[in-house]
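Q: got a predicted structure plus its sequence, pasted below:
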Amino acid sequence: MNKITEIFKDKKTLIVYLTAGDPSLDKTKEYILTIAKNGAGLIEIGIPFSDPIAEGETIQNAMLRALSKNINLDDIFNMVLEVRKKSNIALTFMTYLNPLLSYGYDKFFKKCHETRISGVIIPDMPFEEQSEIKKFSDRYGITIITLIAPTSKERINILAKQAKGFIYLVSSLGVTGVRSKITTNIDTIVLEIKKITETPIAVGFGIATAEQAKEITKYADGVIIGSAVVKIIEEYKENAASKLAEYVSKIKKAITIN
């Protein structure tokens, strides 16, 4: 069974995002291990990029802080290798296309395979252009995660049929960032997708509270928390581990009792 598919089996899954290198790669390693121990089923590692068009201010600033330390992809892969000495948690990369182009597709996906990265999310790569990288991701057994937005509508059928691992369902229009209220009819979209595919659906963008997570996982298979976690790291920097443990545990408890 694919590692990503496995984490959704018979349970609601918490997916957590953090930016590699914020506040340092040593701390990223520590925070990944902390988040894994406190209930996350999968962790998305954001690769810092200078023009992250899908990100709101919180994650943009985290990427700028990481980039100021001259962190590169080799550094991030080495950090993942250190994580792998202590944890087998499912990991994916959240990245934009430019870093992959610069690094080289074959080299990138080979390194993903070597470090047991299960999947890659590329927000700025349209579904119709995925063939450009699919031959490389398929060669090394890395899943390209499909994003579906509330505006996808007539394309949902095509996107859902081709999706592997899990579907990243965007909860709101716009960029990432904490939202006090999710207004999109996510339940309706989830039901529509589930008529088409058995691929698990995780909802992200703007989810921050235990109440939001619990509500969304009444119908979705998982929830994705990003900006709220990055905010904790921004506030507590090198001392964020205990706060992350407390926050992640609270979200996990909320979705477990659904």
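A: Structure received. Residues are numbered from 1 along each chain as shown.

Q: hey, let's count contacts and neighbours off CA atoms from now on
A: Fine.

Q: pLDDT on stretch 3-16, on average?
A: Averaged over stretch 3-16, pLDDT sits at 93.

Q: ok, stretch 89-99 next?
A: For stretch 89-99, the mean confidence score works out to 96.

Q: just the buried positions in it, please.
A: The neighbour-count check on stretch 89-99 (16 or more other C-alpha atoms under 10 Å) flags Ile89, Ala90, Leu91, Thr92, Phe93, Met94, Thr95, Tyr96, Leu97, Pro99 as buried.

Q: make a markdown table from the residues you listed and add secondary structure and distance to Asp124 to it.
A: Converted to a markdown table, those look like this (DSSP: H, G, I helix; E, B strand; the rest coil; distance: C-alpha to C-alpha, whole Å):
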| residue | secondary structure | distance to Asp124 |
| --- | --- | --- |
| Ile89 | coil | 26 |
| Ala90 | strand | 23 |
| Leu91 | strand | 20 |
| Thr92 | strand | 16 |
| Phe93 | strand | 14 |
| Met94 | strand | 11 |
| Thr95 | coil | 9 |
| Tyr96 | coil | 6 |
| Leu97 | helix | 7 |
| Pro99 | helix | 12 |
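
Q: dump those to CSV, plus distance to Leu14.
A: Shown next, in CSV, are the buried residues of stretch 89-99 (distance: C-alpha to C-alpha, whole Å):
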residue, distance to Leu14
Ile89, 12
Ala90, 11
Leu91, 12
Thr92, 13
Phe93, 16
Met94, 16
Thr95, 20
Tyr96, 23
Leu97, 25
Pro99, 27
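
Q: which strand of the protein spans the most residues?
A: Looking across the chain with DSSP state E, the single longest strand is strand 13-19.

Q: report the inter-axis angle for that one versus strand 90-94.
A: Here the directions of strand 13-19 and strand 90-94 differ by 50 degrees (axes from the mean of the first three to the mean of the last three C-alpha atoms, to 10 degrees).

Q: which is the next helix or strand following strand 13-19?
A: The helix or strand immediately downstream of strand 13-19 is helix 25-37, counting by DSSP states H and E.

Q: below-threshold pLDDT in the protein: ranges please.
A: Counting by pLDDT under 70, the chain shows low-confidence ranges at 1, 54, 172-184, 257-258.

Q: if we go to 50?
A: Along the chain, the model assigns pLDDT under 50 to residues 174-180, 182-183.

Q: what's the helix or strand for the spatially most central residue of it?
A: Centroid check for the chain by C-alpha atoms, centre = their mean gives Glu44 as the closest residue, at 3.6 Å. Secondary structure assignment for Glu44, by DSSP H and E: strand 42-46.

Q: now Asp187
A: Assigned by DSSP H and E, Asp187 belongs to helix 186-194.

Q: show me where this structure has helices.
A: 3-7, 25-37, 57-67, 73-84, 97-103, 105-114, 131-139, 156-162, 186-194, 210-216, 227-236, 241-256 (DSSP state H).

Q: would you format these as TSV with distance to Leu169 included?
A: TSV is the format used below for those (distance: least, C-alpha to C-alpha, whole Å):
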stretch	distance to Leu169
helix 3-7	16
helix 25-37	22
helix 57-67	19
helix 73-84	26
helix 97-103	20
helix 105-114	24
helix 131-139	21
helix 156-162	10
helix 186-194	8
helix 210-216	11
helix 227-236	16
helix 241-256	17
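
Q: looking at those helices, which is nearest to Val170?
A: Evaluated over these, closeness to Val170 peaks at helix 186-194, with 8.8 Å, by C-alpha to C-alpha.

Q: residues in contact with that closest one?
A: Pro150, Ile156, Asn157, Ala160, Ser171, Ile201, Ile216, Tyr219, Ala220 (C-alpha atoms under 8 Å, 6 or more residues apart in numbering).
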